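Colleague: Output the structure for:
(2 chains)
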Amino acid sequence: MLGTEPEIKERYVKTGQVKLVFNPILDHGDRSVQAHQAAECAGEQSMFWPMHDRLFEEQGSLYGGDTREVLKMHAAEMGLDTAAFNTCLDEQRYLEKIQQQDAYRRELGIRTRPTLDINGQLVVGPQPFPAFEAIIEPLLAP
Amino acid sequence: MPINHWLLAIGVVSTLLLPACGAAAPEPPPAQLEAPGESAAPTPTKLVEVEVAATETTAPTEVPTAVVAASTEAAPVVEPTEEMTAPAETPTEEVTAAEVDWLTNEGQTEEGFAFLGNPDAPIVLQDYSDFL
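Modeller: Residues are numbered from 1 along each chain as shown, chains lettered A, B, ... in the order given. As a prediction, the model looks like this:
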């Protein structure tokens, strides 16, 4: 997502009012498959969300060259245990998991990136922060 | 010398010698702790009483002075100050939910999806997205 995500994180996730859950969409073939596995492998070192943020920020790097090598480079620059990360990625340890999760969102009928589900209310496509604010604030009212 | 003179002399000498014999008597043994039922040498109470009386009379002020000094040092007088009074609002050590930075908390849901934040948050935001 990334667009308004930093604001949502700072305003609502940081304060404990919103739990943010990530659901993968594999719409770009093997590059998506490797990128989502890289986030899972980083999650083994409690670095899923830093890797998640980095991959969105450096999105352009994923379109060129060997995707696995690019992801390993990102892991190294982030200070991860590269031996553990590289082994995880080379083993394709989370391939089945992310494929199952992607299949699940298809069953739900979710096709557009990004799609957000806020306590059952769907927000389809990129939206400005006030749109999320208008949904979240009433849910927080006593 | 007539016998009456001898008798008189003996009487005078006896009168002079008897008090001296009494002062030279050996000192009684010191008082000892005894188990009940055991016999012990009699303690001359008169001599002990005299010694105690002599001690009290020779140094009557030393003990009271030391006692006063000790009591003063042991219990100093402390006057209450503003710093010693409890403040109106006492900070607690409990951390409220609002003070926790949930951005540092990541985990996985029961279904295996990565999450960030308070696992018990009232609002769950499911983000369906791709990195590309």
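
Colleague: Now the longest helix belonging to chain B - C-alpha only, CSV.
Modeller: For chain B, the longest helix by residue count, based on DSSP state H, is helix B:3-23. Provided in CSV are the C-alpha atoms of helix B:3-23 (Å, rounded to 0.1, in the frame of the first residue of the first chain):
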residue,chain,number,x,y,z
ILE,B,3,51.6,-10.4,139.1
ASN,B,4,49.0,-7.6,139.0
HIS,B,5,51.3,-5.6,136.9
TRP,B,6,51.7,-8.6,134.5
LEU,B,7,48.0,-9.0,134.2
LEU,B,8,47.6,-5.3,133.4
ALA,B,9,50.3,-5.4,130.7
ILE,B,10,48.7,-8.4,129.1
GLY,B,11,45.3,-6.7,129.0
VAL,B,12,46.7,-3.6,127.4
VAL,B,13,48.6,-5.6,124.7
SER,B,14,45.5,-7.7,124.0
THR,B,15,43.4,-4.6,123.5
LEU,B,16,45.9,-3.2,121.0
LEU,B,17,46.5,-6.4,119.1
LEU,B,18,42.9,-7.6,118.5
PRO,B,19,41.7,-4.9,116.0
ALA,B,20,44.9,-5.4,114.0
CYS,B,21,44.2,-9.1,113.8
GLY,B,22,40.7,-8.4,112.4
ALA,B,23,41.9,-6.1,109.6
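
Colleague: what comes into contact with it?
Modeller: Helix B:3-23 has contacts (Cβ atoms under 8 Å, 6 or more residues apart in numbering or on different chains) with no other residue. (Each C-beta comes from the backbone N, C-alpha and C, glycine too.)

Colleague: tally of neighbours for A:Thr112?
Modeller: A:Thr112 sits with 13 neighbouring residues when counted by other Cβ atoms under 10 Å in any protein chain shown.

Colleague: What backbone torsions are found at the closest residue to it other than its chain neighbours?
Modeller: Nearest non-adjacent residue to A:Thr112, counting by Cβ to Cβ, 6 or more residues apart in numbering or on different chains: A:Val124, 5.1 Å away. Main-chain torsions, A:Val124, degrees, to the nearest 10: phi -100, psi 130.

Colleague: likewise the one 5 residues further on?
Modeller: Here the main-chain torsion angles of A:Phe129 (degrees, to the nearest 10) amount to phi -60, psi -40.

Colleague: residues in contact with the longest strand anywhere in chain A?
Modeller: When chain A is parsed with DSSP state E, its longest strand is strand A:18-24. For strand A:18-24, contacts defined as Cβ under 8 Å, 6+ apart pick out A:5, A:8-9, A:12-13, A:32, A:36, A:39, A:48, A:52, A:98, A:101-102, A:104-105, A:110, A:136, B:109, B:113-121, B:123-130.

Colleague: again, but for stretch B:106-121
Modeller: With Cβ under 8 Å, 6+ apart as the criterion, stretch B:106-121 contacts A:9, A:13-14, A:16-23, A:39-40, A:43, A:46, A:48-49, A:52, A:97, A:101, B:97, B:100, B:102-103, B:105.

Colleague: Give me the buried entries from these.
Modeller: Buried members of the contacts of stretch B:106-121, counted by 16 or more other Cβ atoms under 10 Å in any protein chain shown: A:9, A:13-14, A:16-23, A:39-40, A:43, A:48-49, A:52, A:101, B:102, B:105.

Colleague: Spatially nearest residue to A:Tyr104 (excluding sequence neighbours)?
Modeller: Spatial nearest neighbour of A:Tyr104, chain neighbours left out: A:Asn23 (7.7 Å); criterion: Cβ to Cβ, 6+ apart.

Colleague: How about A:Ile25?
Modeller: Here the residue nearest A:Ile25, using Cβ to Cβ, 6+ apart, is B:Asp130, at 4.3 Å.

Colleague: ok, now which ones touch that neighbour?
Modeller: Residues in contact with B:Asp130 (Cβ under 8 Å, 6+ apart) are A:Pro24, A:Ile25, A:Leu26, A:Asp27, A:His28, A:Ser32, A:Ala35, A:His36, A:Arg113.

Colleague: For chain A, just list every one of the strands.
Modeller: Under DSSP E, chain A gives strands at A:18-24, A:115-118, A:121-124.

Colleague: Alpha carbons only: can I get the longest one in PDB?
Modeller: Read that as strand A:18-24. Extracted C-alpha coordinates of strand A:18-24, given in PDB (Å, rounded to 0.1, in the frame of the first residue of the first chain):
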ATOM      1  CA  VAL A  18      -5.600  -0.400  14.600                       C
ATOM      2  CA  LYS A  19      -4.000  -3.800  13.900                       C
ATOM      3  CA  LEU A  20      -2.600  -3.900  10.400                       C
ATOM      4  CA  VAL A  21      -2.600  -7.300   8.700                       C
ATOM      5  CA  PHE A  22      -0.800  -7.900   5.300                       C
ATOM      6  CA  ASN A  23      -2.300 -10.200   2.700                       C
ATOM      7  CA  PRO A  24      -0.200 -10.900  -0.400                       C
END
